[in-house]
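>>> Provided below are the primary sequence and the corresponding predicted coordinates.
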Amino acid sequence: MVFGGVSINPQMMKLRGGVDVLVATPGRLLDLEHQNAVKLDQVEILVLDEADRMLDMALSTISVAC
């Protein structure tokens, strides 16, 4: 699980080996994507919670990357 309000570096280090399931808050997911810490091009299933908030935060960037 990754979320904002804490240092992003430890979260990025844990993601280096890859994961099968990632639970993330919208803002932190965008932060990780912008820093190339996650690659969303191989996502098979995407579940959105707070979709209205994600639209405000550039959901199109995430959906295009998937």
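The structure has been received and is ready for your questions.

>>> What are the boundaries of the helices in the chain?
8-15, 26-34, 51-56, 59-65 (DSSP state H).

>>> Count the residues that sit near I8.
By other C-beta atoms under 10 Å, 15 other residues sit near I8. Any C-beta I mention is one placed from the backbone N, CA and C, and that applies to glycine too.

>>> Quick one, grab the pLDDT at it.
Looking at I8, its pLDDT is 96.

>>> so what's it up against?
I8 sits next to 28, 31-32, 35, 37 when contact means C-beta atoms under 8 Å, 6 or more residues apart in numbering.

>>> from the residues you listed, which would you call buried?
Among the contacts of I8, those classed as buried by 16 or more other C-beta atoms under 10 Å are 28, 31-32, 37.

>>> Can I get those residues in a markdown table including pLDDT and distance to V19?
Output for the buried ones among the contacts of I8, formatted as a markdown table (pLDDT from 0 to 100; distance: C-beta to C-beta, whole Å):
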| residue | pLDDT | distance to V19 |
| --- | --- | --- |
| R28 | 91 | 14 |
| D31 | 92 | 16 |
| L32 | 93 | 11 |
| A37 | 93 | 11 |
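
>>> circling back to that earlier point, ok, of the helices of the chain, where does mean pLDDT dip lowest?
The weakest mean pLDDT among these belongs to helix 59-65, with a mean of 63.
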